[in-house]
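Asker: predicted model and sequence below, questions to follow.
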Amino acid sequence: MSTDAVHLTAGGVSVIIAADAGTMPYVAYWGRGLGELSDAELQQIAQDAHRQWAVSTPDLPVPVGVLPEARQGWFSIPGVAGHRHGAVPFAAFARVTPLLASGRSLEVTGIDTAAALEVTLHLELFDSGLLRTRASLRNDGVDEYTVGGIDVTMPVPPRATEILDFSGRHNGERRPQRAVVVDGTHLRENRRGRTGPDAVTLLAAGEPGFTEERGEVWASHVGWSGNQRSWLHRGNSGTAHLGGGELLAEGEVPLLAGEEYTSPWVYFTYGDGLDAASARIHDMLRARPGHPPIGRPITLNTWEAVYFDHAIAPLIELADAASEIGVERFVLDDGWFSGRRHDRAGLGDWFEDADVWPHGLGPLVDHVRSRGMQFGLWFEPEMTNPDSELARQHPDWILSPIDRDAPLARQQLVVNIAHPEAFAYIAERLIDIITGHRIDYVKWDHNRDLVEPVDRLTGRAGVHRQTHATYRLMRTVREACPWLEIESCSAGGGRIDLGIVDVVDRFWSSDSNDPLERQRIQRGTSLLMPVEMLGAHVGAHVAHVTGRAASMTFRAVTALVGSFGIEWDLREATPAERDELAGWITVVKRLRPLIERGRQHRLQTEPQLVAQAIVAADGGHAVATIAAIDSPHHLPGGHLRITGLDPERTYRIERVLIDGAADPTASRRQPLWWSDTLEFSGRVLAEIGLGLPTLRPQEAGLVEFTVVS
Ligand code: GLA
């Protein structure tokens, strides 16, 4: 049999893509880098994928494609699904282009003459070893073809027997959940119309007991902010496949003659340990020319300080307090626009409220600028309240069935921004306000799920077009305001994904500013997004969401592993608290080049602790944060191994700031490094580690490692 094969390799990962004569490609291998391969080895690996199957399976074994087809003996979610008025339901493509890589990318086209379809599969391996793939489908017939979906897949070896993915809720985003791989399909479907607080984030399959530090793991992520599915299917052959794609409602994407549908990129990452798999995503993002530059501005957001209670005098006072302690960006949250005195009215009426802002936002913006800070503003462009001029005047713009509105959520409805007039109106409003005040930053919110999302013009399901329209709206606003940064917020961390990441600069990870909750939320979220993109704020002493009190150290250490900010009414902070916070801001400013580009190692330690090290690319500098989220099971406990340092170099270890330093009872015997500046090699730190400090629940600390030789 004639089989073509291509070996793509980068960043310690190999992918072998192969295709038999006239057929679309399959992946013969994806995993740890294989080094140089001879042509003979490559051929043999590709051929070996044609394994003899059991009796009563297809006589000619065909490997499962990146776009799997039923005729390949694939009895799960098909690569390409759809129909032409009910006909041609099983697409099968004959390859019409050679299997040739250009650099580390590949584009392969196939046609199904009977179905009158053409498909082009794209595959790309980044320098970091992260792989992504998607496909475009063109209707070459004369009548309408209804797209059912495009799912792409990658094989995972049988030794990956454990699944990790994420779920969550508002104020409790990205909770890890584990399962055992069994024959059948582990399927996560999202029909919320947004990424969601319960987003899969990463669907990982790995060796039993894999951790952040070790154990081979293969993971996927669908880079899309609308409906989607992620799955792992293991049939009775023993080989599992990770797959995913956009989830389309019936009739949502009709293709007229010559029209094309392109599926979202699905990302695949491999690593020995989750940290290694995660770092490939971070490295890809950081290598983008538009990635947020080092020195993420220290931000103050007004939400938990004043909520809807807007008035210029207290906000000026707040801005002054912020600038005095070193804040660099002041963000005015919800409540500034027409009729928005509470969450039951105003969304959609993007005009400065004449009662609250008789002179417009100008005086506040000018004051903030005069204090040397940037000015940011909150919008929720895809939403409207029934009690708004927008909703009253344009019922046809609402994204819900014509005969009934969707059930309200947070007193609001969704605007169908794929409606050209709605899009034009909202784009004009945003651009007018942003350019009028030369606003630096927009917190772009999206507070509800899309329930019964029906386009009132066409009667068709509208999440696909809404999601594209959101990306387009963000692009349109950015093109008109090239200086602008955008933060993606969705009732906290409900829209964090590798689709929207192309058009935003920061994510709001969660509405919970309780550091204890945040330690867990940020750990999960940071597997996908590098910490400089994850907003993390020091809240009030007593967290608004949970009512739990936390020390400044615990709050600041938690926010430090992120894009640092404050969400607290500083006017009520005591002078001592302001000084302490100012001290932390100085620390953050000093350390942010390291934090924003260092590699994150999520340390394995006792269950009551959450700890991580961030290590500079050259290994010369690192910090570790240690946070106690519960009381210890054992005392004094073991050691905290610091991974990721250079084993051959010696580091000076300094306790920067840590709770419990001034222990009133003086009963705690802390390890040696606590009071003395010690020096250890990276090897000793990785193998033995630091003796655990005795921390009470909700105490935290920061340790710095500097190379001395
Ligand atoms: C959402 C956001 C919050 C805040 C409010 C304002 O809940 O997640 O941070 O902006 O909206 O209404």
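Answerer: Structure's in. What do you need?
Asker: which residues touch stretch 360-376?
Answerer: Contacts with stretch 360-376, where a contact means C-beta atoms under 8 Å, 6 or more residues apart in numbering, come from 297, 299, 301, 312, 315-316, 319-320, 322-323, 327-332, 336, 352, 357, 377, 433, 437, 439-443, 487. For glycine as for every other residue, the C-beta is placed from the backbone atoms N, C-alpha and C.
Asker: narrow those to just the buried residues.
Answerer: Using 16 or more other C-beta atoms under 10 Å as the burial test, the contacts of stretch 360-376 include 297, 299, 301, 315, 319, 322-323, 327-332, 336, 352, 357, 377, 433, 437, 439-443, 487 as buried.
Asker: among these, which ones lie close to the ligand?
Answerer: The subset of these lying close to the ligand, counting by C-beta under 6 Å from any ligand atom, is empty.
Asker: please narrow the contacts of stretch 360-376 to those residing in strands.
Answerer: Within the contacts of stretch 360-376, residues falling in strands by DSSP state E are Thr299, Asn301, Arg329, Phe330, Val331, Leu332, Leu377, Tyr441, Val442, Lys443, Glu487.
Asker: kindly reformat the residues you listed as JSON lines containing pLDDT.
Answerer: As requested, the ones in strands among the contacts of stretch 360-376 are exported to JSON lines (pLDDT from 0 to 100):
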{"residue": "Thr299", "pLDDT": "98"}
{"residue": "Asn301", "pLDDT": "98"}
{"residue": "Arg329", "pLDDT": "99"}
{"residue": "Phe330", "pLDDT": "99"}
{"residue": "Val331", "pLDDT": "99"}
{"residue": "Leu332", "pLDDT": "98"}
{"residue": "Leu377", "pLDDT": "99"}
{"residue": "Tyr441", "pLDDT": "98"}
{"residue": "Val442", "pLDDT": "99"}
{"residue": "Lys443", "pLDDT": "99"}
{"residue": "Glu487", "pLDDT": "99"}
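Asker: between these, which sits nearest the ligand?
Answerer: Nearest to the ligand, judged by C-beta to the nearest ligand atom, of the ones in strands among the contacts of stretch 360-376 is Lys443 at 6.3 Å.
Asker: in this structure the closest one contacts Leu484, no?
Answerer: No. With contacts counted by C-beta atoms under 8 Å, Lys443 stays clear of Leu484, the gap being 11.6 Å.
Asker: tell me the phi and psi of the closest residue to Glu380 other than its chain neighbours?
Answerer: In space, not counting the residues next to it along the chain, Glu380 is nearest to Asp445; the distance is 4.2 Å by C-beta to C-beta, 6 or more residues apart in numbering. When read as degrees, to the nearest 10, the backbone of Asp445 gives phi -100, psi 170.
Asker: wouldn't Asp445 be in contact with Gly493 here?
Answerer: No. The criterion here is C-beta under 8 Å, and Asp445 misses it with Gly493 at 11.7 Å.
Asker: what about the two, which has more around it?
Answerer: The neighbour comparison of Asp445 against Gly493 (other C-beta atoms under 10 Å) goes to Gly493, with 32 against 23.
Asker: burial measure for Glu213, as a count.
Answerer: 18.
Asker: so which helix or strand takes in it?
Answerer: Using DSSP states H and E, Glu213 is not contained in any helix or strand.
Asker: swap in Leu390?
Answerer: For Leu390, the host element (DSSP H and E) is helix 389-393.
Asker: buried residues in that helix, which are they?
Answerer: Along helix 389-393, these residues count as buried under the neighbour rule (16+ other C-beta under 10 Å): Leu390, Ala391.
Asker: and for stretch 46-61?
Answerer: Neighbour-count burial for stretch 46-61 flags Ala46, Gln47, Ala49, His50 (criterion: 16+ other C-beta under 10 Å).
Asker: of these, closest to Leu640?
Answerer: For the buried residues of stretch 46-61, the closest approach to Leu640 (C-beta to C-beta) belongs to Ala49, at 44.0 Å.
Asker: without its sequence neighbours, what residue ends up closest to the residue of the stretch 251-400 of the chain with the smallest separation from the ligand?
Answerer: Relative to the ligand, the nearest point of the stretch 251-400 of the chain is Asp334 (3.4 Å; C-beta to the nearest ligand atom). Leaving aside its chain neighbours, Asp334 sits nearest to Trp378 (5.0 Å; criterion: C-beta to C-beta, 6+ apart).
Asker: for the one you found, give me the pLDDT.
Answerer: Predicted confidence (pLDDT) at Trp378: the value is 99.
Asker: so it sits against Phe330, correct?
Answerer: No. Counting by C-beta under 8 Å, Trp378 does not reach Phe330; the two are 12.0 Å apart.
Asker: re the thing from before, do I have it right that the residue of the stretch 251-400 of the chain closest to the ligand meets Asn301?
Answerer: No. Contact criterion C-beta under 8 Å: Asp334 and Asn301 do not qualify, at 10.3 Å.
Asker: okay then, goodbye and thanks.
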